[in-house]
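**Q** Attaching a predicted model along with its sequence, questions to come.
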Amino acid sequence: MTIKRSDLEAAAAAGVLHTDQVDRLLGFLAQRDRKSGTAKFSGTHVLYYLGGLLAIGAASLFTTLAVEALGMGALFGLSVLYALFAIGIAAWFEKKELGVPAGIFATLAIALVPLAVFALQHLLGFWADGKLAQHYRDYHRWIDWRWLIMELATLAVGAVILWRFRYTFLVMPIAVTLWYFGMDVVPALIMQADGGADVFYSSAAWELRKQISLVFGLIMVLFAFFVDLRSRHSKDYAFWLYLFGLLTFWGALSSMGSGQLSGKLVYLAVNFLMIFIAAILGRRVFAVFGGIGVVMVLGNLSWGMFKDSFAFVALLTLLGFALIGAGVWWSRRETEITAKVRAFLPRDLRELLEARTG
């Protein structure tokens, strides 16, 4: 819930607060947000995150220039020093009770881990035959099993830094690394099973990648739910895990299927289920992916099977009206229904729903 000055002034006018308590309460809330690293949409935080993202994005350019000028050895040393510098600045901001910039600099340190490992791999000869990995930017373009070492190192260091600083933005590079890991672990399995990379781009390999990505994404979503339960009384550490877990799961699911109507209906049902989960957990990211999936299926059906059918247009119109009516009905009975449903849920899940959705 976002509290504005006008809300507190209205409460003071109604006699709930004293007028002189408004400024003190606003000051307390602002100070608490600074300490916790809670990000709100304000000009200050926009500048914080814009600067942090520019610093993280500059790492790729930094690698190219460092390698061309000084070589991989210098890149490794500079990456480690840069990461240690970021950790030191994060600790300094933490002492100043500035949680958001502290979290951004700690995130920068995590983002530099794969860069340092990449340089170390080249020094040790890991990429002697790696035609597609001469530059660090290839990490974001190509899929290769050797990236797994970089990703595992990033996950390990990220867990340590998250344990030390405990800011929610730190989960972002960890979630991205898990997403990359889900893509790179497939070629590792294929090449191990078939003894080479030639089979990696076969149709069977692509199907296996889709299936493993589907399962891996679902595991990430379930892990995010577990994190959500554990952190229900504190900060929201699960958001980035939900986002990239759903990206992996939904992306794989959307790329599967033979084009049959039965498959489209199953896909439609899964996306409607995601929207329902969004309403239950109060997680809009489920609704975003589910909504896109529903629109994709309906658009495909309308263009293909029902291209010239007025009945399909009428059906969609009625369905839209029905959903609006259901929304009106739900809004009037939401509190009553929610209380009855939550009474049957485990205590931990009830506390999570109350913490995230109010």
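**A** That came through fine. Numbering: from 1, shown residues only.

**Q** give me every residue that touches the residue most central in space within the chain.
**A** When the chain is reduced to its mean C-alpha position, the closest residue under CA atoms, centre = their mean turns out to be Trp240, at 2.7 Å. Under the criterion of CB atoms under 8 Å, 6 or more residues apart in numbering, the neighbours of Trp240 are 168, 171-172, 174-176. Any C-beta I mention is one placed from the backbone N, CA and C, and that applies to glycine too.

**Q** at 7 Å instead, please
**A** 171-172, 175 (CB atoms under 7 Å, 6 or more residues apart in numbering).

**Q** could you dump these to JSON lines with secondary structure, pLDDT and neighbour count?
**A** Supplementary listing: the contacts of Trp240 in JSON lines, determined by DSSP: H, G, I helix; E, B strand; the rest coil; pLDDT from 0 to 100; neighbours: other CB atoms under 10 Å:
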{"residue": "Val171", "secondary structure": "helix", "pLDDT": "89", "neighbour count": "26"}
{"residue": "Met172", "secondary structure": "helix", "pLDDT": "87", "neighbour count": "20"}
{"residue": "Ala175", "secondary structure": "helix", "pLDDT": "89", "neighbour count": "23"}
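
**Q** Nearest to Ile104 among these?
**A** For Ile104, the closest of the contacts of Trp240 turns out to be Met172, at 10.1 Å, with distances computed as CB to CB.

**Q** Quick check, the closest one in contact with Thr107.
**A** Yes: in this structure, Met172 sits in contact with Thr107. The criterion is CB atoms under 7 Å, and the distance is 6.5 Å.

**Q** intersection of neighbour lists for these two?
**A** Listed contacts common to Met172 and Thr107 are nil; contacts here mean CB under 7 Å, 6+ apart.

**Q** so where's the stretch 151-300 of the chain uncertain?
**A** Low-confidence segments of the stretch 151-300 of the chain, defined by pLDDT under 70, span residues 187-205, 258-259.

**Q** Kindly recompute the last result at 90.
**A** For the stretch 151-300 of the chain, applying pLDDT under 90 flags the ranges 166-173, 175-217, 225-240, 248, 251-269, 271-300.

**Q** where do the strands sit along it?
**A** If you assign secondary structure with DSSP state E, counting those that start in this stretch, the stretch 151-300 of the chain ends up with no strands.

**Q** the helices in it, which residues?
**A** Secondary structure of the stretch 151-300 of the chain by DSSP state H, counting those that start in this stretch: the helices cover 171-194, 203-230, 239-255, 261-281, 284-303.
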